[in-house]
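Peer 1: need the 3D shape of this:
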Amino acid sequence: MSDNSLTALPHVFRPGDPGYDDELAGFQLGFSPRPDVVVGATGTGDVRTAVAHAAAHGLPVGVQATGHGVPAAAEGGLLITTKRMDGVRIDPGARTATIEAGVRWRQVVEAAGPHGLAPLNGSSPGVGAVSYTLGGGLGLLAREFGYTADHVRGLDVVTADARLRRVTPSSDPELFWALLGGGHNFGVVTALEVGLAPVARLYGGALLFDGELRDDVVRTYLEWVKAVPDTLTSSLAVMVFPDMEELPPFLRGRYTLSVRVAFTGDEAAGERLVAPLRAIGPTITDSLREMPYTESATIHSDPEFPHAYWGDSAMLSGLDAETLTDLLELTGPAAPMMCVVQLNPLGGALAKEPAVPNAVPYRDAVFLIRGLSPLAGPDLAAVRELYGRFFDRLAPVTVGRSLNFVFADGARTEGLYDAETARRLAGLKAHYDPANLFRRNYNIAPDNSHKP
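Peer 2: This is a model prediction of the structure:
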């Protein structure tokens, strides 16, 4: 293929071109990629052309939808942006959504809602649906329905030979297994079909406590999650709010703990379930209520403005109140930078093997914990040092890390998979992408000693 193979495409950018920086703009501002060429794909044909060009010239390929994750294709590489591929199609009878590569979860929630259906999306409606699902997908209803990847029916993917494949459990079970959990390491997924849940409304919201109640909240919450049904998914978030004019005065600079709840049972049952939490003490705010699923983003109210941040995660075999309290002391008001810590109880359907196997690991983990800090003030070395101590404290109960919550750390790939899953993925990488064309910050290197 000639050097001019990309000239027919409508959106191609190189450093210094008008629109180059705008094309790369995403949610994560701390680690912006600087590829040698960016292809703004409008459809599958553009993706195939870009992949063929990259393969012919030995260029690594990254993929960016919303820019929450950071692709590894930088200097010397080619980046495919998929934000223009934003089609969503709902099949109410089959309870499925077909989602193109640049779709954000907000679009799927809004499209499915009128049919009394809900996607298994995460807390932030602005996250790209496809990349989220390829990483596993830990959603608002995860304990009841499992990982989003467990509900995928089929994927359209452009592989390293620039061929478009329709991958299903019956057509190509090995590639299907690898894509769901292996992320963008095996090709560019241009669309996927995923099952929807028959959920039109839920009981949910958040209880926000002052930091003075920290020890009581920690102790009560860790006991409470042992008894709640699988139809209730929750999380605990702890942070000192920044002193920003955009925030209400009663939150500025305040140390808080927030218990978030999503329950698919009725409101009366939900009220009974959360009673032990309300008994902890007074709340700053209490937003628990019955709501249509289309308002579920208000449970977490994640920030939607782009910003710079760094963090990591750990999948845990268990966690006691003393350890969690120690961690919150390290990352609390006395910490040298703002820290956000979130704990997600797992179990329920997350602990079950899906009907169709995939590469999402660590299903025996009991908790996911993650920590991140904005990078507006502190330098990255200081942030890494603090979280080094944070995760070292958890080492005795850590079984791995979560692919969806790497938070831009391209320096460490260990722990993202158990040994057997890593070995199998490396063998499949050697089969489908032996030249290591497709790369992410969690790049899987091909192992040519293992063939599928």
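Peer 1: okay, which residue is most central for this protein?
Peer 2: When C-alpha atoms, centre = their mean is applied to the chain, the residue found nearest the centroid is N404 (3.7 Å).
Peer 1: quick check: it vs A426, distance?
Peer 2: In this structure, N404 and A426 are separated by 20 Å, where distance is defined by C-beta to C-beta, to the nearest Å. The C-beta positions use only the backbone N, C-alpha and C, and glycine is treated the same way.
Peer 1: and the host helix or strand of V399, what does it pack against?
Peer 2: Under the criterion DSSP states H and E, the helix or strand holding V399 is strand 398-400. For strand 398-400, the packing partners by 3 or more C-beta pairs under 8 Å, 6 or more residues apart in numbering; DSSP states H and E come out as strand 309-316.
Peer 1: quickly run through the sheet partners of the strand it packs on, with directions.
Peer 2: The sheet places strand 309-316 alongside strand 367-374 (antiparallel), strand 398-400 (antiparallel), with pairing taken from DSSP bridges.
Peer 1: hmm, who's touching the helix or strand following the longest one?
Peer 2: For strand 367-374, the following helix or strand on the C-terminal side (DSSP H and E) is helix 380-393. The contact list for helix 380-393 (C-beta atoms under 8 Å, 6 or more residues apart in numbering) reads 30, 310-312, 314, 323, 326-327, 330-331, 335-337, 339, 371, 373, 375, 398.
Peer 1: quick one: the helices in the chain, in order.
Peer 2: Chain-ordered helices for the chain, with DSSP state H as the definition, fall at 20-24, 44-57, 105-112, 129-134, 142-145, 173-182, 214-224, 267-278, 321-330, 380-393, 419-432.
Peer 1: show me where pLDDT drops low in the stretch 1-150 of the chain?
Peer 2: With pLDDT under 70 as the threshold, the stretch 1-150 of the chain has low-confidence stretches at 1-4, 71-75.
Peer 1: do the stretch 251-400 of the chain as well
Peer 2: Using pLDDT under 70, the stretch 251-400 of the chain drops low at 378.
Peer 1: out of the strands paired with strand 309-316, which is closest to A275?
Peer 2: Proximity to A275, assessed across the strands paired with strand 309-316 by C-beta to C-beta, is greatest for strand 367-374 (23.0 Å).
Peer 1: list the buried residues of that closest one.
Peer 2: The neighbour-count criterion (16 or more other C-beta atoms under 10 Å) identifies 367-374 as the buried residues of strand 367-374.
Peer 1: now stretch 397-413
Peer 2: Of the residues in stretch 397-413, those buried under the neighbour-count criterion (16+ other C-beta under 10 Å) are 397-410, 413.
Peer 1: show me which of those is closest to A118.
Peer 2: Of all the buried residues of stretch 397-413, N404 has the smallest distance to A118: 19.0 Å, by C-beta to C-beta.
Peer 1: gap between P333 and D210?
Peer 2: Applying C-beta to C-beta, one obtains 12 Å for the distance of P333 from D210.
Peer 1: identify the contacts common to the two.
Peer 2: Here P333 and D210 share the contacting residues Y255, scored by C-beta under 8 Å, 6+ apart.
Peer 1: more neighbours: which of the two?
Peer 2: Relative neighbour count places D210 above the other of P333 and D210, with 15 against 12, counting by other C-beta atoms under 10 Å.
Peer 1: pretty sure that one sits against T256.
Peer 2: Yes - taking C-beta atoms under 8 Å as the definition, D210 is a contact partner of T256 at 6.5 Å.
Peer 1: for the two, list the residues in contact with both.
Peer 2: Common neighbours of D210 and T256, counting by C-beta under 8 Å, 6+ apart, are I284.
Peer 1: ok now stretch 274-293, how far from the chain's centre?
Peer 2: On the basis of C-alpha atoms, centre = their mean, to the nearest Å, stretch 274-293 is displaced by 26 Å from the centre of the chain it belongs to.
Peer 1: residues touching that stretch, excluding its own?
Peer 2: Counting contacts by C-beta under 8 Å, 6+ apart, the residues touching stretch 274-293 from outside are 109, 113, 118, 199-210, 213, 216-217, 220-221, 224, 250-251, 254, 256, 259, 261, 266-267, 270-271, 298-299.
Peer 1: now, the most widely separated pair of the buried residues of stretch 397-413?
Peer 2: With distances taken as C-beta to C-beta, the most widely separated pair in the buried residues of stretch 397-413 is V397 and G410, at 25.4 Å.
Peer 1: skipping its backbone neighbours, what lies nearest T49 in space?
Peer 2: Nearest non-adjacent residue to T49, counting by C-beta to C-beta, 6 or more residues apart in numbering: L9, 6.0 Å away.
Peer 1: for the one you found, grab the count of nearby residues.
Peer 2: As a burial measure, the neighbour count of L9 was computed by other C-beta under 10 Å and equals 16.
Peer 1: ok, T44 next?
Peer 2: In terms of burial, T44 registers 18 neighbours under the definition other C-beta under 10 Å.
Peer 1: what does A308 give?
Peer 2: Applying other C-beta under 10 Å, we find 15 other residues in the vicinity of A308.
Peer 1: now for it: which residues touch it?
Peer 2: Under the criterion of C-beta under 8 Å, 6+ apart, the contact partners of A308 comprise 28-31, 374-376.
Peer 1: from these, pick the one nearest D91.
Peer 2: Using C-beta to C-beta as the measure, the one of the contacts of A308 that approaches D91 most closely is Q28, at 32.9 Å.
Peer 1: residues contacting that closest one?
Peer 2: 67-70, 306, 308-309, 408.
Peer 1: and it, how far is that from V406?
Peer 2: Counting by C-beta to C-beta, the gap between Q28 and V406 amounts to 11 Å.
Peer 1: mutual contacts of these two, please.
Peer 2: Counting by C-beta under 8 Å, 6+ apart, the common neighbours of Q28 and V406 are G69.
Peer 1: from M239, how far off is R254?
Peer 2: When distance is defined by C-beta to C-beta, R254 is 9 Å away from M239.
Peer 1: ok, these two, which is more surrounded?
Peer 2: Neighbour count, other C-beta under 10 Å: between R254 and M239, M239 has more, with 21 against 18.
Peer 1: check the more buried one and give its pLDDT.
Peer 2: For M239, the model assigns a pLDDT of 97.
Peer 1: related to what we said a few turns ago, which of the contacts of Q28 count as buried?
Peer 2: Judged by neighbour count, with 16+ other C-beta under 10 Å as the criterion, the buried members of those are 67-70, 309, 408.
Peer 1: of these, closest to D433?
Peer 2: Distances from D433 to the buried ones among the contacts of Q28, taken as C-beta to C-beta, are shortest for G69 (18.6 Å).
Peer 1: now render the strands paired with strand 309-316 as TSV, adding distance to R439.
Peer 2: Converted to TSV, those look like this (distance: least, C-beta to C-beta, whole Å):
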stretch	distance to R439
strand 367-374	23
strand 398-400	21
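Peer 1: for those, which one sits closest to G62?
Peer 2: strand 367-374 (21.7 Å).
Peer 1: what's in contact with the closest one?
Peer 2: Under the criterion C-beta under 8 Å, 6+ apart, external residues in contact with strand 367-374 comprise 138, 242, 307-316, 318-319, 327, 331, 337-346, 383, 386-387, 390-391, 394, 402, 405, 407.
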